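Peer 1: let me see the structure of the following:
(2 chains)
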Amino acid sequence: MLKTHYCGELNKSLQGKQVTLAGWVDRRRDHGELIFIDLRDRTGIAQVVFNPQISKQCHEIAGQVRNEFVLKVTGEVALRPSGTENLKLPSGEIEVIVREVEILNASKTPPFYINEDSEVDENVRLKYRYLDLRRQRMLNNIILRDKVVQFFRDFLHKKGFLEIETPILIKSTPEGARDYLVPSRLYPGSFYALPQSPQQLKQLLMIAGMEKYFQIAKCFRDEDSRADRQPEHTQLDIEMSFVEEEDILKLMEELFTKMVETVKPEKRVITPFPRLSYKEAMEDYGSDKPDLRFEMKMHDLTDIAGKTQFAVFQKVIADGGSVKGVCAGGCANYTRTQLEELNKFVQSYGAGGLLTFALGGGGDIEHLTLDMVKSVAAKYMTLEQIQEIARRCGAKPGDLILAVAGKTKVVNKALGELRKEMGTRLGLADPNLLAFAFILNFPLFAWSEENKKWEPEHHPFVEPWDEDKPILEKDPGKVRAHCYDIVCNGYELASGSIRIHNPELQRRIFRFLGYKDEEVQEKFGGFLDAFEYGAPPHGGIAPGIDRIMMILSGSPTIRDVMAFPKNQNAVDMMLEAPSPVRKEQLKELHIRLSDD
RNA sequence: GGCCUGUUGGUGCAGCGGUUUAGCAUAUCUCCCUGUCACGGAGAAGAUCGCGGGUUCGAAUCCCGCACAGGUCGCCA
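Peer 2: Sure thing, here's the model as predicted:
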């Protein structure tokens, strides 16, 4: 090794020892005679001092050094002169008096600051990702990620899981996201697909008798990116045999609770994790991934609205829509401009507009009078109706009720987003709280307006509830699934289900979904055959590691917790991928490009 | 594909129709400096204001188109 110690591990106990450090110049402070250099490596920063009276030669070299030069220095660890200690640095009580220095490599001036956490255009950061990763915040994220993954591995191994790799070149499946395809050289016109998840493979591992499987699995989806979505991401993929829904939930609760205790003990977790049905989540928060760090529930006001003379309400209700509201505490004094901003906000999610009731004055809601209420709808409503709305929303004078009327789906989306927005504006979400929750009782099927048929809400291998099996074909919308999500702070962190292991039931589901037998055989044949050979009851789940990291590290995007992410347009700015390939490569793959 | 926002020296920002020779901070370069730690001081250099049109006596500034980026809707079993 070119070094005897790491910068971050230097402290008083090494006083008088000779050490050799190697790392990057974080900062240089040149006082003409004395030169101080903050030498940085993965573990931290150590101040090294160049004194011409100790070594004239070293001092001269230090004079030529610039930021990000790679240095090897040897010298004695010494206590800093009294009064010059730097308490901000872990190694701030000591410094290294340099007697030998070697420039291992020079560096160009970096295109952005490495040594401070300033905003930099993300494209520049991504192009020079290797420099971006030198920055403290990025390094911390990478180190935290390592700890988390290490924890998962240890935890699951202790629970008797086997870590098993599954192939990356697999078969394209018809449903779900768009596949990334890989052309086959040996079979003209045929393609492999990259896994959207190792779903079928992990189920086959259960049939193979592995009983408890996990994998840190790369998953690929050729869909548009988002702040929390990338073309490729990593899942902690888990599958177990002989389990019921409750077993998986218990395991996950322990996994996440202990993970946070281990890697981020300063974060608060509420146990047991709250359990919400999908229906409750949608009704109370307008989302299947509610941010439960604060309450501010949505309340259904449709029945009260129906009794008013307000035409907007009448029309919406006649069309089968709903009216819902939330209470923004203490916001009655919002200005016209602020309200207009919120109005625009809900409109951007497709709502017709935002209806507000500002409840002026003080006291309690029983003493409210009409002239204390500011709302365009007030003149079409009685005081009693407004009071009823206020009571239902839990509003008191001084509060602002925000209501949206329209199609139920739009109302949920728009008001749900507004709820989150108000939570942010009012600082309701405790930044140290990780509000985990299970979302349960998903419907097995959802009606597709687009395709005019029932489609699996999750995927076609999900086990329906036993008591709902009789009505599977008769009342498909009512069939509940053994499907569960884990949400945290407004993100979907994991999704899983108990799978169908009975081939007869599986065939029945496919028949119901409108697949012809040949079609099923062609698309899932190899997979389904396996179920004829003693498939154990099994189920699993797959937490998204990148999203976990986003939340744990407080990062605004998934890109900040991945070493080498792609930008929103799925381009790797550093490697410049994707890129055209040579004609011969295409020819070998039997691919000809079309002109359009 | 739609919508919103942004694009000004290396980086981050200001300027939003006319003394702006485009300003500030920081980085860079030169010189000075023995206790700094976001060291300090003096000076210098560095920008066809994303691209292309248009409006105007005059455009970084207003309008249109395009490109790129971010956010989002659709999409993501």
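
Peer 1: distance of the nearest residue to residue A:413 once chain neighbours are set aside from residue A:343?
Peer 2: Using Cβ to Cβ, 6 or more residues apart in numbering and skipping residues adjacent in sequence, the residue nearest residue A:413 is residue A:349, 5.2 Å away. Heads up, the C-betas are built off the backbone N, CA and C, glycines and all. Separation of residue A:349 from residue A:343 (Cβ to Cβ, to the nearest Å): 12 Å.

Peer 1: with residue A:507 instead?
Peer 2: Going from residue A:507 to residue A:343 by Cβ to Cβ gives 52 Å.

Peer 1: which of the helices or strands spans the nearest residue to residue A:132 once chain neighbours are set aside?
Peer 2: Spatial nearest neighbour of residue A:132, excluding adjacent residues (Cβ to Cβ, 6+ apart): residue A:125 at 4.2 Å. Using DSSP states H and E, the element containing residue A:125 is helix A:122-127.

Peer 1: who touches that helix?
Peer 2: Residues outside helix A:122-127 that contact it (Cβ atoms under 8 Å, 6 or more residues apart in numbering) are A:111, A:112, A:132, A:559, A:565, A:567, A:572, A:573, A:574.

Peer 1: in that helix, what counts as buried?
Peer 2: A:122, A:125, A:126, A:127 (16 or more other Cβ atoms under 10 Å).

Peer 1: just the residues you listed that are near RNA strand B?
Peer 2: Restricting the buried residues of helix A:122-127 to those touching RNA strand B (Cβ under 7 Å from any atom of the strand) yields residue A:122.

Peer 1: just the buried residues of helix A:122-127 now: which is nearest RNA strand B?
Peer 2: RNA strand B has its nearest neighbour among the buried residues of helix A:122-127 in residue A:122, at 5.0 Å by Cβ to the nearest atom of the strand.

Peer 1: let's see the pLDDT reported for the closest one.
Peer 2: Predicted confidence (pLDDT) for residue A:122: 92.

Peer 1: so it versus residue A:208, what's the distance?
Peer 2: Distance from residue A:122 to residue A:208, by Cβ to Cβ: 44 Å.

Peer 1: Serialize the contacts of helix A:122-127 to TSV and add fields for pLDDT.
Peer 2: As requested, these are exported to TSV (pLDDT from 0 to 100):
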residue	pLDDT
A:111	93
A:112	94
A:132	96
A:559	96
A:565	96
A:567	93
A:572	93
A:573	92
A:574	93
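
Peer 1: also near RNA strand B: which of the residues you listed, exactly?
Peer 2: Residues of those in contact with RNA strand B (Cβ under 7 Å from any atom of the strand): A:111, A:112, A:559, A:567.

Peer 1: tell me how many other residues crowd residue A:478.
Peer 2: Using other Cβ atoms under 10 Å, residue A:478 has 12 other residues around it.

Peer 1: mind listing what's buried in the lengthiest helix in chain A?
Peer 2: If you go by DSSP state H, chain A has its longest helix at helix A:136-158. Applying a neighbour-count criterion of 16+ other Cβ under 10 Å, one finds A:138, A:141, A:144, A:145, A:148, A:149, A:151, A:152, A:155, A:156 buried in helix A:136-158.

Peer 1: helices of the stretch 201-350 of chain A, start to end?
Peer 2: Remark: helices assigned in the stretch 201-350 of chain A by DSSP state H, counting those that start in this stretch are A:245-263, A:278-285, A:302-306, A:311-318, A:336-347.

Peer 1: and the next helix or strand after the longest helix of chain A, how far from the chain's centre?
Peer 2: Sequence order places strand A:162-163 as the next helix or strand after helix A:136-158, per DSSP H and E. Per Cα atoms, centre = their mean, to the nearest Å, the displacement of strand A:162-163 from the mean C-alpha position of its chain is 24 Å.

Peer 1: which elements pack onto strand A:162-163?
Peer 2: Secondary-structure packing of strand A:162-163 (3 or more Cβ pairs under 8 Å, 6 or more residues apart in numbering; DSSP states H and E): helix A:136-158, strand A:212-220.

Peer 1: who does it pair up with?
Peer 2: The strands beside strand A:162-163 in its sheet (DSSP bridges) come out as strand A:212-220 (parallel).

Peer 1: now the closest residue to residue A:176 other than its chain neighbours, what's its secondary structure?
Peer 2: Distances taken as Cβ to Cβ, 6+ apart place residue A:196 nearest to residue A:176, at 5.6 Å, with adjacent residues excluded. Following DSSP: H, G, I helix; E, B strand; the rest coil, we place residue A:196 in the coil state.

Peer 1: residue A:485 too?
Peer 2: Residue A:485 ends up strand, using three-state DSSP.

Peer 1: check contacts around it.
Peer 2: By Cβ under 8 Å, 6+ apart, the contact set of residue A:485 is A:288, A:289, A:438, A:439, A:442, A:492, A:493, A:494, A:495, A:496.

Peer 1: what about RNA strand B: which of these touch it?
Peer 2: Answer for the contacts of residue A:485 near RNA strand B: none qualify (Cβ under 7 Å from any atom of the strand).

Peer 1: most widely separated two among those?
Peer 2: A:442 and A:493 (15.5 Å; Cβ to Cβ).

Peer 1: how close does residue A:49 sit to residue A:236?
Peer 2: Noted for residue A:49: a distance of 46 Å to residue A:236, by Cβ to Cβ.

Peer 1: returning to that earlier point: what's the angle from the longest helix of chain A to helix A:245-263?
Peer 2: For helix A:136-158 against helix A:245-263, the angle by axes from the mean of the first three to the mean of the last three Cα atoms, to 10 degrees is 130 degrees.

Peer 1: anything in helix A:136-158 near RNA strand B?
Peer 2: No - with Cβ under 7 Å from any atom of the strand as the criterion, RNA strand B is not reached by helix A:136-158; the gap is at least 12.1 Å.

Peer 1: so what's residue A:203 up against?
Peer 2: Residue A:203 touches A:239, A:461, A:499, A:527, A:538, counting by Cβ under 8 Å, 6+ apart.

Peer 1: run through who's touching stretch A:321-329.
Peer 2: Applying Cβ under 8 Å, 6+ apart, the set of residues contacting stretch A:321-329 from outside is A:286, A:296-302, A:304-305, A:313, A:316-317, A:334, A:389-390, A:392-395, A:398-408, A:411-412, A:415, A:418-419, A:422, A:426.

Peer 1: make a PyMOL selection of the buried ones in those residues.
Peer 2: Buried residues within those, by 16+ other Cβ under 10 Å, are selected in PyMOL with:
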select buried, chain A and resi 286+296+297+298+299+300+301+302+304+305+313+316+317+334+389+390+392+393+394+395+398+399+400+401+402+403+404+405+406+407+408+411+412+415+418+419+422
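
Peer 1: near RNA strand B, which residues of the stretch 401-550 of chain A are found?
Peer 2: With Cβ under 7 Å from any atom of the strand as the criterion, the stretch 401-550 of chain A comes near RNA strand B at residues A:413, A:450, A:455, A:456, A:457, A:458, A:459, A:460.

Peer 1: and for the nearest residue to residue A:205 once chain neighbours are set aside, the neighbour number?
Peer 2: Distances taken as Cβ to Cβ, 6+ apart place residue A:213 nearest to residue A:205, at 4.9 Å, with adjacent residues excluded. The criterion is other Cβ under 10 Å. On that basis, residue A:213 has 25 neighbouring residues.

Peer 1: thought residue A:213 was touching residue A:161?
Peer 2: Yes - look at residue A:213 against residue A:161 with Cβ atoms under 8 Å: they come within range, at 6.5 Å.

Peer 1: relative to residue A:424, how far out is residue A:293?
Peer 2: 10 Å.

Peer 1: same question but for residue A:378, I mixed them up
Peer 2: Going from residue A:378 to residue A:424 by Cβ to Cβ gives 28 Å.

Peer 1: cool, and residue A:494?
Peer 2: Using Cβ to Cβ, one gets 24 Å for the distance from residue A:494 to residue A:424.

Peer 1: between residue A:378 and residue A:424, who's got more neighbours?
Peer 2: Taking other Cβ under 10 Å, residue A:378 and residue A:424 do not tie; residue A:378 has more neighbours (18 against 12).
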